[in-house]
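> Test case, fold it:
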Amino acid sequence: MSFGRHGISISVFWFTFFGALGIFFPYYSLYLKENAGLTGIQLGMVLSVTPLVGIVAQPFWGQVADRTGARGQLAAFLSMMAAAGFVLLGLAPGFVLILLAAIFLAFFSTPVIPLSVSVALAAFRHSGPHAYGFARAWGTVGFLASVLVFPLVLDQVQEWRGLVAVPGGPSEPGLGVMFLGTASVVFLAAAIGLALPREGLASQRAGRGEWRILLRRGPMRRMLVFAFSAYLFVTGPMGLLPVYVRAQGGTLETVQNMWILMLIVEIPLILCTGMGLKRIGARGLLGAGVLAGGIRWTVCGLTANPYWIYPVQMLHGVMVTGLMMGGPLYVDRVAPGRLRSTAQGLVAMVGLGLGGIASNTAAGWILDHAGANAPYLIGGAGALVVGLAIHWILPPVAHEDEAPEAPSASG
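I've put the predicted structure just below:
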């Protein structure tokens, strides 16, 4: 495995950026529900803003990156603006202002991961199948570190400010401090992003209108169908996990312990992505991820027994590795190199965007009308169907040997 300085810069960027998400993501829906006092429908709408805005932001910034070739620099700029978005979201009072702040944040934050993935896949194109997985694993390590550290910081802040939970109030009254913490770490990621690769395949440029090539490719169109279907069933339950845990009598510590269990399993699985790519290919990774999500959510929907709920969270690692690793690797094999940022943004738009909007909105409505377990039963059943049908949805691609990079139309 050839790694080099580019591998180090990508690993450190992901460690930092995903570390920021480890402060924010596990507790965001809990903050909106308890601290901000949003209803289930309002909660679903705010959670849907991220994928909704991503529909525009991800392909737009992907095209900017492919036309200019400045993928690394653009990732740093978007991270800086995302840091400002987290600050605004933490200061926003009431549903309307929270919604507007979430829109601003989503426009700059949603393209960062697809864009940095395109930079990494270009940098590791000739480094062997393990290099990308090794670098991406550092993102999970950063996420885990934040999950471990943030609750300790939150306890200290609440003790310093004299905040205590009262009957009928939020279980963690100082939870809003997570926005400042997330913004600070994302700003650090933006500074690190200036060292991301700027030359070689990472700087290829596409010609005007070349993005249409992607939509004329059968495997790419079918990947869009699969991405929408998969995220339709797995996204909503994931976003509602803190609410689900609270409904089963759990606490913030329960959420933290679940995330620790999930991430401990996820790290070695991501590190083994190269081995999995050789054995079952990118399509196999995707199928395993969706099936794992289906089993996980079905079990959560069927029981409130912690002796079942806790162990099944270990499937989170399989789900994330399959979808977040298999998806980009599959796309990188069916899209021209000069369009890699647009392709990754397009799949994120359809999957995390359109699929995520439908999933979060439906999950919020189901939560209000059928209880906390119902979104998990429906999401789990749907994910199992999609996972079992993957061989009919997606054509196979090469496991390891990749097609040579096509020359840029712009020379």
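
> Now do the helix ranked longest in the chain: which elements does it pack against?
As assigned by DSSP state H, the longest helix anywhere in the chain is helix 129-161. Counting contacts by 3 or more C-beta pairs under 8 Å, 6 or more residues apart in numbering; DSSP states H and E, helix 129-161 is packed against helix 4-24, helix 112-123, helix 177-193, helix 252-271, helix 273-302. Any C-beta I mention is one placed from the backbone N, CA and C, and that applies to glycine too.

> Which among those helices is found nearest to residue 341?
helix 112-123 (4.2 Å; C-beta to C-beta).

> Helix 177-193 and that closest one, what's the angle between them?
30 degrees (axes from the mean of the first three to the mean of the last three C-alpha atoms, to 10 degrees).

> could I get the helices and strands packed on helix 129-161 as a markdown table with distance to residue 245 and mean neighbour count?
Output for the helices and strands packed on helix 129-161, formatted as a markdown table (distance: least, C-beta to C-beta, whole Å; neighbours: other C-beta atoms under 10 Å):
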| stretch | distance to residue 245 | mean neighbour count |
| --- | --- | --- |
| helix 4-24 | 17 | 23 |
| helix 112-123 | 25 | 27 |
| helix 177-193 | 17 | 21 |
| helix 252-271 | 5 | 19 |
| helix 273-302 | 10 | 22 |
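
> okay if I get those helices as a markdown table plus mean pLDDT and distance to residue 52?
Shown next, in a markdown table, are the helices and strands packed on helix 129-161 (pLDDT from 0 to 100; distance: least, C-beta to C-beta, whole Å):
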| stretch | mean pLDDT | distance to residue 52 |
| --- | --- | --- |
| helix 4-24 | 89 | 18 |
| helix 112-123 | 86 | 16 |
| helix 177-193 | 95 | 20 |
| helix 252-271 | 79 | 25 |
| helix 273-302 | 87 | 22 |
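
> Residue 76 is nearest to which of the ones you listed?
helix 177-193 (3.2 Å).

> hang on, the earlier thing: buried ones in the longest helix of the chain?
129-147, 150-151, 154, 157-158 (16 or more other C-beta atoms under 10 Å).

> same deal with stretch 37-53?
Those would be 38, 40, 42-53, for stretch 37-53 by 16+ other C-beta under 10 Å.

> just how off-centre is it within its chain?
How far stretch 37-53 lies from its chain's middle: 17 Å, per C-alpha atoms, centre = their mean, to the nearest Å.

> Just the C-alphas of that stretch, formatted as PDB.
Extracted C-alpha coordinates of stretch 37-53, given in PDB (Å, rounded to 0.1, in the frame of the first residue of the first chain):
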ATOM      1  CA  GLY A  37     -39.200  21.900  21.600                       C
ATOM      2  CA  LEU A  38     -40.000  20.900  18.000                       C
ATOM      3  CA  THR A  39     -42.900  18.600  17.200                       C
ATOM      4  CA  GLY A  40     -42.400  15.300  15.400                       C
ATOM      5  CA  ILE A  41     -43.400  16.900  12.100                       C
ATOM      6  CA  GLN A  42     -41.200  19.900  12.600                       C
ATOM      7  CA  LEU A  43     -38.300  17.600  13.600                       C
ATOM      8  CA  GLY A  44     -38.800  15.600  10.400                       C
ATOM      9  CA  MET A  45     -38.800  18.900   8.400                       C
ATOM     10  CA  VAL A  46     -35.600  20.200   9.900                       C
ATOM     11  CA  LEU A  47     -33.900  16.800   9.500                       C
ATOM     12  CA  SER A  48     -35.100  16.800   5.800                       C
ATOM     13  CA  VAL A  49     -33.500  20.200   5.100                       C
ATOM     14  CA  THR A  50     -30.000  18.700   4.900                       C
ATOM     15  CA  PRO A  51     -30.900  16.200   2.100                       C
ATOM     16  CA  LEU A  52     -33.200  18.700   0.500                       C
ATOM     17  CA  VAL A  53     -30.600  21.400   0.100                       C
END
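
> got the contact list for that stretch?
28-29, 32-33, 95, 98-99, 102-103, 105-107, 109-110, 235-236, 239, 243, 352-357, 360-365, 367-368 (C-beta atoms under 8 Å, 6 or more residues apart in numbering).
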